[in-house]
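> model this:
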Amino acid sequence: MKRIAAVDMGTNSFHLLIVEVKDDGSFVVMDKQREVIRLGSHKGEDLSIISDGETEKAIDLLSGFKSLADYYRAKLIAAATSAVREAQNKNEFIERVFNKTGIQVNVIDGRKEAELIYLGIQKALPVADKKVFCIDIGGGSTELLLADKGNVIFAESIKIGAVRLTKMFFPDYRLKNRAVKDCKYFIKNALLENKNLDYSQSFDIAVGTSGTINAAASLVHSAINGKKIKSSNSLSFTYSQFRSVLSDILEAKTPAERIAIQGMEVKRADIIPAGLLILRRIMKNFNVKEITISEFALREGIILNLLKNK
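Model (predicted):
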């Protein structure tokens, strides 16, 4: 338990975080990797099937992660989220990964995912004594959690994510007015259908984490400062700043046009419109005036949860 390698097997990307645990329970980051994969994006309806090609790529990436974990002599834990937990061929995928890599994939449910993300956020930002609204927009799902001084009020996973909605509404990655309108309508309904979300709740701070929201922060701060940010942790942006960036993104109809926007991550230019449309609706529904960024999310939460329960 001195060294732990946590793998977050997301829909859009796989993340590896290797840490060394100190005697006081804190940890130091030794290495980290991120690889784009897009699970469930090639075949079937929605995210229903992980293709053979996607499985082979997942095995290649996980083999590389395992080699790095072995180099550091770290205990490896792999957690899979939306795309794997929904796939019709989930069991076949998990078995093939285990047979080729020796890695046992743990599929976590949406509520647990939200709670682990909150655990990571508490380590990154001073929110332990606050009422905090947490937003994590992934490739396949969006996790929303409200907690007051560590006590969870609601923790929900909604089947709206940047890869999922791009596949549904923008399959050629081009933005058409009708498709944007349909996407907005779908997001609105998906949120309203979840009766556990309480829009009447107020909170001290709204915290965003992971790909889409980090990308939004990069776009906002690049537009303001004219240069790319080095670290997003504890940075914030307002709703009006975000709306300005969203307007620029929606005017850029193709990925090539979006890549030209200051602060745009090249590998996210195809799916960024869907992700930002999700964020727009969440900020409107929950009256979020400002979002603060946490660089810690699920993978840090996995490590902290392991240390807490050892």
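> I'd like to know how far the residue sitting nearest the centre point of the chain sits from Ile302.
In the chain, the C-alpha nearest the mean C-alpha coordinate belongs to Gly138, at 3.3 Å (C-alpha atoms, centre = their mean). Remark: distance between Gly138 and Ile302 (C-beta to C-beta, to the nearest Å) = 15 Å. Every C-beta, even on glycine, is put in place using the N, C-alpha and C of the backbone.
> Likewise for His15?
For His15 relative to Ile302 (C-beta to C-beta), the value is 10 Å.
> Val105: neighbour count?
20 (other C-beta atoms under 10 Å).
> Could you pull up the residues touching it?
9, 78-80, 84, 93-94, 97-98 (C-beta atoms under 8 Å, 6 or more residues apart in numbering).
> What's the separation between it and Glu92?
12 Å.
> thinking again about what came up before, most neighbours, which of the contacts of Val105?
Met9 (28 neighbours).
> Just the ones of the contacts of Val105 in helices?
Counted as lying in helices by DSSP state H, out of these, are 84, 93-94, 97-98.
> what's the distance between stretch 199-210 and the middle of its chain?
In terms of C-alpha atoms, centre = their mean, to the nearest Å, the centre of stretch 199-210 is found 16 Å from the chain centre.
> List the buried residues of whichever strand or helix holds Asp60.
Using DSSP states H and E, Asp60 maps to helix 52-72. The neighbour-count check on helix 52-72 (16 or more other C-beta atoms under 10 Å) flags 54-55, 57-59, 61-62, 65-66, 68-69, 72 as buried.
> same question, stretch 12-30
12-19, 21, 27, 30.
> ditto for stretch 151-158
For stretch 151-158, by 16+ other C-beta under 10 Å, it's 154-158.
> and those as CSV, adding distance to Glu35?
Shown next, in CSV, are those (distance: C-beta to C-beta, whole Å):
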residue, distance to Glu35
Phe154, 32
Ala155, 28
Glu156, 28
Ser157, 23
Ile158, 25
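> which among those residues gets closest to Lys289?
Within the buried residues of stretch 151-158, the smallest distance to Lys289 is 20.3 Å, found for Phe154 (C-beta to C-beta).
> Go ahead and confirm that closest one touches Asp148.
No: using C-beta atoms under 8 Å, Phe154 makes no contact with Asp148, being 10.9 Å away.
> What's the separation between the residue nearest to the centre of the chain and Asp23?
For Gly138 relative to Asp23 (C-beta to C-beta), the value is 34 Å.
> now Lys75
From Lys75 over to Asp23 (counting by C-beta to C-beta), the distance is 17 Å.
> ditto for Leu76
Going from Leu76 to Asp23 by C-beta to C-beta gives 22 Å.
> One more: Met9?
In this view, Met9 and Asp23 are 30 Å apart by C-beta to C-beta.
> Kindly report the same for Tyr118.
In terms of C-beta to C-beta, Tyr118 sits 26 Å off from Asp23.
> same question, Leu62
For Leu62, the distance to Asp23 - C-beta to C-beta - is 31 Å.
> how's this structure carved up into domains?
Following automatic domain parsing, the chain resolves into domains at 3-107, 126-294.
> what separates the shortest one from the chain centre, distance-wise?
Between the mean C-alpha location of domain 3-107 and the chain-wide mean there is a distance of 14 Å, by C-alpha atoms, centre = their mean.
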